[in-house]
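Engineer: Provide a 3D model corresponding to the input given below.
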Amino acid sequence: MFGCLSLVLPTAADLGPVWLIILRVCQGLGEALTFPCFNHLMGNWVPKEERSVFSSFAIVGASLGMVISQPVTGYLCTFQLLDGWPLREHFFHSLDFFERRGCLNVSVSARNETICNTRTLVTEPGI
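Structural biologist: Predicted coordinates:
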């Protein structure tokens, strides 16, 4: 949701400050669930002995992403393409789209593999 709303951020900024504020509030409401959902998923899907390592990598990855994206954002804003700062929105949210698409592909294939393994366990006697 955040990525989709961010793609229209430059348009909302052109329409005026009221539309920009409305859009940012909607983005905040959508992102407010990210970390609680992350903790819930981690608690349900990651084995107990691996949770501390997994959460450390995830939190460090988020911080590292911010450290890397700040200078890249400054660099992208120097270009005249799309008047500078909208290029940043399109660049990072295109990356976000491809990342989420990759995660979706991995999760669907893992789910299908789990379903196939479960069917094997259920249908084959002696396993």
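Engineer: which strand or helix spans residue 92?
Structural biologist: Using DSSP states H and E, the element containing residue 92 is helix 85-123.
Engineer: avg pLDDT for that helix?
Structural biologist: Average pLDDT, helix 85-123: 64.
Engineer: export stretch 60-75 as CSV, just CAs?
Structural biologist: Only the C-alpha atoms of stretch 60-75 are listed here, as CSV (Å, rounded to 0.1, in the frame of the first residue of the first chain):
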residue,chain,number,x,y,z
VAL,A,60,19.8,-4.1,10.9
GLY,A,61,18.7,-4.5,7.3
ALA,A,62,16.0,-1.8,7.7
SER,A,63,18.6,0.5,9.3
LEU,A,64,21.2,-0.3,6.6
GLY,A,65,18.5,0.4,3.9
MET,A,66,17.9,3.9,5.4
VAL,A,67,21.7,4.6,5.5
ILE,A,68,22.1,3.6,1.9
SER,A,69,19.0,5.3,0.6
GLN,A,70,19.8,8.7,2.1
PRO,A,71,22.8,9.5,-0.1
VAL,A,72,21.2,7.8,-3.1
THR,A,73,18.1,10.1,-2.6
GLY,A,74,20.3,13.2,-2.5
TYR,A,75,22.1,12.0,-5.7
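Engineer: contacts for it?
Structural biologist: For stretch 60-75, contacts defined as CB atoms under 8 Å, 6 or more residues apart in numbering pick out 88, 91-92. The way it works is simple: take the backbone N, C-alpha and C, and place the C-beta from them, glycine included.
Engineer: out of those residues, grab the one that's most surrounded.
Structural biologist: Counting neighbours by other CB atoms under 10 Å, residue 88 comes out on top of the contacts of stretch 60-75 with 21 neighbours.
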